[in-house]
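**Student:** based on what follows, work out the 3D shape:
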Amino acid sequence: MNLTRHAVALALLVPSPSPALGQSAPITIRAGTVLDGRGGVVRNRTIVIEGARIARLEPAGKTATYDLGRLTVLPGGIDTHVHLTSHFDANGRAHNDPGGAEPLQQTVLYAMENGYRALLAGITTVQSIGSNLDRDLRDAVARGTLPGPRVITSLDWITPEAGDAAGLRRAVRERVAGGADVIKILGSKSIREGGGPTLSEDELRAACDEAKAHGLRAVVHAHAAEAARRAVMAGCTTIEHGVLLDDATLDLMAEHGTYFDPNLYLVFQNYFDNKARFLGIENYTEEGYAYMHRAVPLVLAVFQHALQRPKLRIVFGTDAVAGAFGKNWEELIYRVQTGGQSPMAALVSATSLAAQSLNLADSIGAIVPGLQADLIAVDGNPLDDITAMRRVVFVMKGGAVYKNGAPPAR
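**Tutor:** Numbering: from 1, shown residues only. Purely as a prediction, here's the structure:
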């Protein structure tokens, strides 16, 4: 598909969202069941939305702008780990980073498609870590000119190539100057390369301290237990992945209040399903795939051990890459059905707890007055059947409706 047809095809798919700003009357949503994102459940409520925010909840009336009385309403999902620019290119091959023969404009359009798929699936906020192109997509979505989830971005990763502690601090300042919302640091090798540590504790402390000095969080890609331990002791915010963590490191993370963003299922299954599209690119080798197959039971065991630590703050992130967008909830379903997490805890991990990990708990992640009107509705009750998350029929972000397959208002 050429660039022009690519853009037209996307435009034809995009509904006109309900305007949140300047609307003359509140929007009302009749909800049969409301999961508030903080562990609470209420029934038969009307959610009143003024502008982009939730104004109040009141007993259900006879009329509403949207009648979701037969559905379950919950906050929009927050996926704390995606890669928006990762996509399958015109040749059907994985394209993970800007560069090569593909024009940057086309890469951005693919990223738009990824975001749109996530939005229609009920993911209203994503943390994309990391590509510099995320900044332009973030800003366009924020202006309201593109349909997509709210985007939090690290821009490009910070890797050992930045140099010593002084070089790492410099790299953080460069990301800050570029408009990053969060700093992502490569604290270990890829799991396809064994996952061993790449930075010392002092180096991680330099990078994470510099991020804090600028008011930003620091998330660390860390598979090995030692890599995660160094990141925790350095005061970093979140451990990403953690395939090789041990009990002592999980205890340390719980003690220090470090967030844990394990990626158990979707990223691996997506790689396995699309092996021919990835194989031969970078470290996507047969050896790398063998590492990934070994990682699946390992990270599942780590997750199950993590669940035994109530103080450990486990958030919802998928590490979505090419082929995975729109399937984000499969990660949550796996965590419940295979990992043994309770449905309520899983849903909280993808709403209010995820918002807390992004320092956005005062803005998103719950259905309470004053927060952004990010709401989704599913056919069924995910507390009884977590696969209801596959049946998202209504999506609102910031008071604008992007999907409505629900019964019409009476």
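**Student:** wait, is T124 part of a strand?
**Tutor:** Yes: if the criterion is DSSP: H, G, I helix; E, B strand; the rest coil, then T124 is within a strand.
**Student:** quick one: contacts for it?
**Tutor:** Taking CB atoms under 8 Å, 6 or more residues apart in numbering as the criterion, T124 is in contact with P75, G76, G77, I78, P149, R150, I364, D374, I376, V395, K397. Using the backbone N, CA and C atoms, a C-beta is placed for each residue, glycine as well.
**Student:** now with 6 Å?
**Tutor:** Counting by CB atoms under 6 Å, 6 or more residues apart in numbering, T124 makes contact with G76, P149, D374, K397.
**Student:** want to throw those into JSON lines with neighbour count, secondary structure and distance to V368?
**Tutor:** Putting these into JSON lines (neighbours: other CB atoms under 10 Å; DSSP: H, G, I helix; E, B strand; the rest coil; distance: CB to CB, whole Å) gives the following:
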{"residue": "G76", "neighbour count": "27", "secondary structure": "coil", "distance to V368": "14"}
{"residue": "P149", "neighbour count": "35", "secondary structure": "coil", "distance to V368": "20"}
{"residue": "D374", "neighbour count": "33", "secondary structure": "coil", "distance to V368": "12"}
{"residue": "K397", "neighbour count": "28", "secondary structure": "strand", "distance to V368": "16"}
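**Student:** identify the farthest-apart pair in the residues you listed.
**Tutor:** Farthest-apart pair in those is P149 and D374; separation 9.2 Å (CB to CB).
**Student:** which residues of the stretch 101-250 of the chain fall in helices?
**Tutor:** In the stretch 101-250 of the chain, the helices defined using DSSP state H, counting those that start in this stretch lie at 104-120, 134-143, 165-178, 201-213, 225-233, 247-256.
**Student:** just the ones you listed: most buried one?
**Tutor:** Among the helices of the stretch 101-250 of the chain, ranked by average contacts under mean count of other CB atoms under 10 Å, first place goes to helix 225-233 (a mean of 24).
**Student:** what comes into contact with it?
**Tutor:** By CB under 6 Å, 6+ apart, the residues outside helix 225-233 that reach it are 187-188, 197, 201, 204, 220, 222, 239, 244-246, 249, 252-253, 256, 258.
**Student:** which one of those is nearest to G178?
**Tutor:** Closest approach to G178 among those (CB to CB): V220, at 19.4 Å.
**Student:** the closest one reaches C236, doesn't it?
**Tutor:** Yes: counting by CB atoms under 6 Å, C236 is a contact partner of V220 at 4.9 Å.
**Student:** what ranges does the stretch 301-410 of the chain have for its strands?
**Tutor:** 313-314, 375-378, 392-397, 400-404 (DSSP state E, counting those that start in this stretch).
**Student:** run through the neighbouring helices and strands of the last one.
**Tutor:** For strand 400-404, the helices and strands in contact under the criterion 3 or more CB pairs under 6 Å, 6 or more residues apart in numbering; DSSP states H and E are strand 392-397.
**Student:** strands paired with the strand it packs on, and their directions?
**Tutor:** Take DSSP bridges as the rule and strand 392-397 pairs in its sheet with strand 375-378 (antiparallel), strand 400-404 (antiparallel).
**Student:** still on that earlier bit, closest to A171 among the contacts of helix 225-233?
**Tutor:** Of all the contacts of helix 225-233, A171 sits closest to L204, with 12.6 Å by CB to CB.
**Student:** quick one: that closest one from A388, how far?
**Tutor:** Counting by CB to CB, to the nearest Å, the separation of L204 from A388 is 40 Å.
**Student:** tell me how far the one helix or strand T33 maps to lies from the chain's centre.
**Tutor:** Using DSSP states H and E, T33 maps to strand 27-35. Mean-position distance between strand 27-35 and its chain equals 24 Å (CA atoms, centre = their mean, to the nearest Å).
**Student:** that strand vs strand 392-397, what angle?
**Tutor:** Compare the direction of strand 27-35 with that of strand 392-397 by axes from the mean of the first three to the mean of the last three CA atoms, to 10 degrees and you get 120 degrees.
**Student:** check which helices and strands strand 27-35 sits against.
**Tutor:** Strand 27-35 is packed against strand 41-50, strand 66-75, with contacts defined by 3+ CB pairs under 6 Å, 6+ apart.
**Student:** tell me which of those strands is the most buried.
**Tutor:** Taking mean count of other CB under 10 Å, strand 66-75 is the most buried of the helices and strands packed on strand 27-35, at a mean of 24.
**Student:** now N270. Its backbone dihedrals?
**Tutor:** In terms of degrees, to the nearest 10, the main-chain angles of N270 are phi -60, psi -40.
**Student:** middle-most residue in the protein, spatially?
**Tutor:** D79 (1.7 Å; CA atoms, centre = their mean).
**Student:** distance check, D362 against H95.
**Tutor:** Counting by CB to CB, the gap from D362 to H95 is 37 Å.
**Student:** neighbour count winner among these two?
**Tutor:** More crowded of D362 and H95, by other CB atoms under 10 Å: H95, with 22 against 11.
**Student:** what's the distance between that one and F88?
**Tutor:** 7 Å.
**Student:** over to L244?
**Tutor:** 29 Å.
**Student:** with R229 instead?
**Tutor:** The separation that R229 has from F88, given CB to CB, amounts to 37 Å.
**Student:** which one among the contacts of T124 gets closest to G317?
**Tutor:** P149 (13.5 Å).
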